[in-house]
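Trainee: test case, fold it:
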Amino acid sequence: MNDFDFFTGTWQVTNRKLTAPLTGSDDWEEFPGTSVARPLFGGTGNFDEITFPTLGRQGATLRLYDQDSKQWSLHWADSRTGRLEPPVVGGFDGDRGDFFGEDGYQGRPIRVQYTWYRLGPDAARWEQRFSADGGASWELNWVMEFTR
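Mentor: Coordinates of the predicted model:
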């Protein structure tokens, strides 16, 4: 239940994001970020805020561990919308965490996958994938490389 303890602190983030997901495009944009994370509830929760200085916006993630289901729920919010997006739910197996959920993109229902990789005390990687076909195929559309 302390799976996100590694994430506490300040991180420099290199972002690589697909400019037009689910269109077949292979046009990626790169931009920096700074993330600051802190634990909640003795490690059974976690909150981080990330600033994207070149984009002029921020994001935040609330992560909560459900003690009954033994799974994490991850909730993303973006300063552009002010909305808490639907959660992705899952957990870690070793140093890899996979989290899945239902969402919408440009008016159509999609499945979302977040994958976390713990790469040591000073490095981590997060990936986001979308599926427009119920999970039969997945498109990688955002990668964040975290370093201290």
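Trainee: quick one: Ile110 and Gly101 touch, right?
Mentor: No - contact criterion Cβ atoms under 8 Å: Ile110 and Gly101 do not qualify, at 9.5 Å. (Glycine included, C-beta is placed from N, CA and C.)
Trainee: so how far is Gly9 from Val89?
Mentor: Remark: distance between Val89 and Gly9 (Cβ to Cβ, to the nearest Å) = 25 Å.
Trainee: can you check Phe41 too?
Mentor: Counting by Cβ to Cβ, the separation of Phe41 from Gly9 is 18 Å.
Trainee: and Phe31, by the same measure?
Mentor: Between Phe31 and Gly9 the distance is 21 Å, computed by Cβ to Cβ.
Trainee: now Gly45
Mentor: Gly45 is 16 Å from Gly9, by Cβ to Cβ.
Trainee: off-centre distance for stretch 82-99?
Mentor: 7 Å (Cα atoms, centre = their mean, to the nearest Å).
Trainee: for stretch 101-115, same thing?
Mentor: So, by Cα atoms, centre = their mean, the centroid of stretch 101-115 is 13 Å from its chain's centroid.
Trainee: buried stuff in it?
Mentor: Judged by neighbour count (16 or more other Cβ atoms under 10 Å), stretch 101-115 contains these buried residues: 101, 110-115.
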